[in-house]
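Asker: only geometry, no sequence info:
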């Protein structure tokens, strides 16, 4: 399917460069933009340029930020001694969405994966260790996906922090709230048995 | 899920204004853009602005065009006496994709739909009639979807062109190439029987 306009072709090329957007979908999106007013298209386009110009990484936790320190790190009411370590900025948003965590974050920008050639030096591990020493962190919580890479990364960091007086925890693995026991896989169910909690605590 | 940056929020708002793109998908697309170089983001954004600035409607057939006349209307090798009437510019691309049609197009920019309050005056019907008279068109082909709106529009235009010496045809309805008889719906199968063609002709 080719269009009669080279400007539309270019716009479709650009739109379909986004992950998961094929050329037919891209054409549909581009024609939707074409139907909008000049001002709306201007606002649409400039939002990405402005984002690229202004967004930077927080110098403390490596989360995306509008300033040198992100809104979470510069918030005085948050517990600076507890750090939740995550792989990706989207994980920060997921944990923040729970409203259950009041400490700070540390974004590793990936996980250790020898298969993909990603080692500790490609991540912000060193900055985490320095931060733990400097800020007298008392607890770090690993919030990684339950994959080989997640386990490896957690193991590596815990070894590195061995010498420091820091409590190291990991988010609980178990049966999702609302899920049914009979359909849960054996590994998850096994873990939820191993890591069982006193009855009164489970509901808080 | 909210981000720590208001620039990202704005970009996600804009991205999710596209049809079929939810906020989670929009965030994924925006973070993909954020990982690209400044130049790439600049090219991405400006492609939509340039498109909006330069693309216009062909004064003859109302297809999208970079100039006053589109590439099809200004092509001397195309048969200017045969006009394929379609509802939408995407239908032009679909018919062009077959490489079976060498005439010109006329884009109605919609179909007559009393339910949605769309009448002939909202479409480019008048311009089609003037064009048929001016350019001595000998055949018009309706290439509409097989819906109530398509039938209504075809009926209306054929009435309007009654007085002119123009052959009026419609694309054939029938069983798709490669489809199986037993799974075809009754209406399509019935039409394909009514509109049967001499055996030798069917394969050309």
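Answerer: Right, received. Where do you want to start? Here the structure is a predicted model, which is why all the values come from computation and not from measurement.

Asker: When you work out contacts or count neighbours from here on, use the C-alpha atoms and nothing else.
Answerer: Will do.

Asker: Tell me the helix or strand right after the helix or strand hosting residue A:168.
Answerer: Here residue A:168 sits within strand A:167-170, counting by DSSP states H and E. Next along the chain after strand A:167-170, taking DSSP H and E as the criterion, comes helix A:186-194.

Asker: which parts of that following helix are buried?
Answerer: residue A:189 (16 or more other CA atoms under 10 Å in any protein chain shown).

Asker: what packs against that helix?
Answerer: Under the contact definition 3 or more CA pairs under 8 Å, 6 or more residues apart in numbering or on different chains; DSSP states H and E, helix A:186-194 sits against no other helix or strand.

Asker: in its sheet, what does the strand ranked longest in chain A sit against?
Answerer: Taking DSSP state E as the assignment, the strand of chain A that covers the most residues is strand A:79-86. Each strand paired with strand A:79-86, and its direction, by DSSP bridges: strand A:103-107 (parallel), strand A:139-142 (parallel).

Asker: so which of the ones you listed is the most packed in?
Answerer: strand A:103-107 (a mean of 24; mean count of other CA atoms under 10 Å in any protein chain shown).

Asker: after that strand comes which helix or strand?
Answerer: Using DSSP H and E, the helix or strand that follows strand A:103-107 towards the C-terminus is helix A:125-134.

Asker: Now do that following helix against strand A:79-86, angle only.
Answerer: Helix A:125-134 runs at 160 degrees relative to strand A:79-86, counting by axes from the mean of the first three to the mean of the last three CA atoms, to 10 degrees.

Asker: and residue A:67, which of the three is it?
Answerer: Of the three states, residue A:67 takes coil under DSSP: H, G, I helix; E, B strand; the rest coil.

Asker: That one contacts residue A:60, doesn't it?
Answerer: No - between residue A:67 and residue A:60 there is no contact under CA atoms under 8 Å: 11.3 Å.

Asker: tell me what the strand holding residue A:168 is packed against?
Answerer: Using 3+ CA pairs under 8 Å, 6+ apart: strand A:167-170 touches strand A:139-142.

Asker: Mind checking the pLDDT average for the strand it packs on?
Answerer: In this model, strand A:139-142 has an average pLDDT of 94.

Asker: need the helix or strand of chain A with the lowest average pLDDT.
Answerer: Among the helical and strand segments of chain A, the one scoring lowest on mean pLDDT, DSSP states H and E is helix A:199-202, with a mean of 66.

Asker: ok so, going back, neighbour count winner among residue A:67 and residue A:60?
Answerer: With neighbours defined as other CA atoms under 10 Å in any protein chain shown, residue A:67 and residue A:60 compare such that residue A:60 has more, 18 against 15.

Asker: nearest spatial neighbour of that one, skipping sequence neighbours?
Answerer: residue A:69 (6.6 Å; CA to CA, 6 or more residues apart in numbering or on different chains).

Asker: Check residue A:18 too.
Answerer: Nearest one to residue A:18, counting by CA to CA, 6+ apart, is residue B:29 at 6.2 Å.

Asker: next helix or strand past the longest helix along chain A?
Answerer: Longest helix in chain A by number of residues (criterion: DSSP state H): helix A:38-54. Sequence order places strand A:56-57 as the next helix or strand after helix A:38-54, per DSSP H and E.

Asker: Can you tell me what sits against that following strand?
Answerer: When contacts are defined by CA atoms under 8 Å, 6 or more residues apart in numbering or on different chains, strand A:56-57 is touched by residues A:63, A:64, A:65, A:66, A:67, A:68, A:70.

Asker: and of those, the nearest to residue B:94?
Answerer: For residue B:94, the closest of the contacts of strand A:56-57 turns out to be residue A:64, at 43.0 Å, with distances computed as CA to CA.

Asker: doesn't residue B:4 make contact with the closest one?
Answerer: Yes - applying CA under 8 Å, one finds residue A:64 in contact with residue B:4, separated by 6.5 Å.
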